[in-house]
Every structure is written in structure tokens, then in C-alpha cells.
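A.B. asks: Structure here, sequence nowhere to be found:
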């Protein structure tokens with residue numbers, strides 16, 4: 001289906017442009033843009049997708065619409081804002097979408113909005129808020145017996161539990177998620193679960209296992225053409241290479257990751273790759289490059305108000321100063 005959309009994308013662009021015309025029903029643009037919520041991020045069309053969402057949501061006939069199509073478009077717009085690290089824009093979009101879904105009595109839409117709002121809380125370090133929202137969304141999907149929706153929530157909840165240091169619970173959640181994704185043949189979900197199990201293995205110091213999980217995830221993401229996810233895998237592999245004593249390999253992997261993220265305009269991922277690249281440069285003895293990369297990473301994390309990233313960048317800069 002991704003390949004089908006690739007072939008038709010120029011036609012879809014023309015249709016989306018047509019929907020901007022004020023003579024057309026606002027619902028058209030909302031429905032079409034909402035239908036592409038998962039296509040744009042998988043192909044890295046973050047900025048373009050956000051522009052289409054903005055046009056659809058601001059259409060005179062759509063601004064005051066109390067419809068599921070508007071709620072879906074708000075959710076999609078919030079996701080793209082999140083992927084670009086624009087949390088100040090993402091949070092209110094998801095909150096408006098959540099309120100609208102609740103007003104309409106749409107439990108599925110509310111659960112999706114809750115999960116996406118939880119993603120914003122998670123990257124901003126609000127683990128309690130993120131966990132509460134994930135658990136509420138999970139309860140809804142279990143109530144509705146939506147097994148395909150349960151897997152990604154388990155995955156995200158596992159990430160939060162990992163950050164809270166409960167590795168055994170995190171492993172159980174991630175493995176349950178992976179089993180469900182494989183049961184349904186969801187290759188994208190499988191790759192995400194593998195990557196997150198890699199993060200968990202890395203946190204526990206199990207570097208060979210982490211490397212194998214990242215590599216398996218990367219192979220699937222390359223098969224699916226998901227460049228943003230490839231960048232995340234490459235950065236993870238770069239971190240493992242540093243810990244296993246191969247800074248040159250780490251530098252090469254992190255540079256590839258950074259190149260992809262800059263091409264995609266990924267404001268959230270770019271400073272992460274910069275940080276890992278700076279650490280590799282420091283290990284290679286290139287102090288001027290290391291300082292420049294680490295400072296750029298710090299600035300990037302500050303711009304998107306990512307407290308965890310800021311803390312990590314400051315820690316690496318302190319290591320630089322100590323060396």
C-alpha cells in the first residue's frame with residue numbers, strides 16, 4: 001500500500017490542493033488529510049504534511065466542525081508536529097482532538113488521542129502523566145477488544161517503565177507487544193518493538209543482544225522504506241559501537257543517521273544524532289568537532305524543550321571539559 005500511495009502521490013497532492021478552495025466542503029480536506037496520517041511520517045514528508053493539515057483545519061467550513069474527520073485531522077497534525085519536535089504545537093492539537101472525540105462519544109479516537117498526547121508527555125519527561133494516559137488508552141483498547149491497537153500501547157508503556165528503571169516489567173510489556181505484532185503480521189510494529197527491546201538491552205548493558213535487535217529492526221525498516229526509523233536504528237547501533245570500543249564505526253553510523261534526520265527536517269531526532277556523533281568524535285580525539293557537535297545538540301534540545309536531551313548533552317559536554 002505504501003508503494004501504491006507513492007505511485008499516486010502527485011494525484012493526491014492535486015486533490016489536497018483542490019480541497020483548499022473555499023468553494024469546496026471543508027470536510028473533504030479533513031477526510032483526505034486524515035487518511036494520510038500514517039503515510040506522511042513513513043515517507044518523511046513531515047513539513048509538507050503539516051502544511052496540508054493546517055490548510056484543512058483552517059478551511060472556513062471546517063474550523064467549527066464538530067466531526068470525527070476534524071478530530072482525525074487534529075490527531076494526524078499533532079503526530080507530525082511531534083515527529084518534528086514541535087511539542088508546543090503537538091500537545092494542544094491532541095488535546096483538542098481528544099475533547100472532540102469525547103464529545104462525539106468516539107472511544108477509538110479518544111484512545112488514539114490519549115496515546116499520542118502521552119507521547120508528548122513522555123519526551124518532555126512527564127512520566128507520570130504519560131503512564132496515566134497510556135494506561136487509560138490501553139484500558140479502552142482492551143474494552144473494545146482491539147488487539148491490533150493494544151500492541152503499540154504496550155510498546156510505549158514499556159518505554160516509560162524502562163525510563164522508570166523497572167526493566168523486568170518493561171521486558172514483559174515489550175515482548176507481549178512483539179508477539180502481538182508478529183501474530184498480526186505487522187512488520188512496522190515488529191520493527192518498532194525490536195528497536196525498543198534493543199534500547200532495553202542497551203540500558204541493561206547487554207550490548208551484543210542490543211546490537212542484534214537494532215540490526216533486525218533496521219533490516220525491516222529498510223525493507224519498508226521507513227527512513228526516519230532507519231535513522232533511529234543507526235543511532236542506536238552507533239551508541240553500541242562506542243560502548244564496544246569502536247568509535248570510528250560509531251562515527252560512521254551516527255553520521256548516516258544525522259544525514260537522514262536533517263534531510264527529513266526531524267527536529268527531535270537531529271540533536272540525538274548530533275549528541276552521539278559528538279561523543280564518537282571525542283573518542284576519536286577530534287576535540288574541536290566534538291565541542292561543536294555537542295553544543296549544536298544542546299541547542300537543538302533546548303529549542304524543542306526536551307529536558308532529557310538537555311541533560312544528556314550537558315553531561316557529554318562535562319565529559320568533554322573533563323578530558
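C.D. replies: Structure received. Everything quoted here is computed from the prediction, not taken from an experiment.

A.B. asks: who touches the residue nearest to residue 115 when sequence neighbours are not counted in this structure?
C.D. replies: Setting aside the residues directly before and after it, residue 115 is nearest to residue 137 in space (C-beta to C-beta, 6 or more residues apart in numbering), at 4.4 Å. Using the backbone N, CA and C atoms, a C-beta is placed for each residue, glycine as well. The neighbourhood of residue 137, defined by C-beta atoms under 8 Å, 6 or more residues apart in numbering, consists of 111-112, 114-115, 118, 153.

A.B. asks: what's the answer for residue 190, then?
C.D. replies: Counting by C-beta under 8 Å, 6+ apart, residue 190 touches 178, 181-182, 220.

A.B. asks: how about low-confidence regions in the chain?
C.D. replies: Low-confidence segments of the chain, defined by pLDDT under 70, are absent.

A.B. asks: Apply 80 and report the result again.
C.D. replies: Low-confidence regions of the chain, defined by pLDDT under 80, span residues 42, 44, 304-306, 323.

A.B. asks: most centrally placed residue in it?
C.D. replies: Most central in the chain under C-alpha atoms, centre = their mean is residue 83, positioned 5.2 Å from the mean C-alpha point.

A.B. asks: residues contacting it?
C.D. replies: Residue 83 is in contact with 41, 46, 228, 266, 268, counting by C-beta under 8 Å, 6+ apart.

A.B. asks: Of these, just the buried ones, PyMOL syntax please.
C.D. replies: The following PyMOL line selects those of the contacts of residue 83 that are buried, judged by 16 or more other C-beta atoms under 10 Å:
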select buried, resi 41+46+228+266+268
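
A.B. asks: returning to that earlier point: any idea how far residue 74 is from the residue nearest to the centre of the chain?
C.D. replies: With the distance defined as C-beta to C-beta, to the nearest Å, residue 83 ends up 15 Å from residue 74.

A.B. asks: what do you get for residue 129?
C.D. replies: 19 Å.

A.B. asks: Residue 101 too?
C.D. replies: Taking C-beta to C-beta as the measure, residue 101 falls 9 Å from residue 74.

A.B. asks: which residues do those two both contact?
C.D. replies: Taking C-beta under 8 Å, 6+ apart as the criterion, residue 101 and residue 74 both touch residue 113.

A.B. asks: isn't residue 118 right next to residue 127, touching?
C.D. replies: No. Contact criterion C-beta atoms under 8 Å: residue 118 and residue 127 do not qualify, at 10.0 Å.
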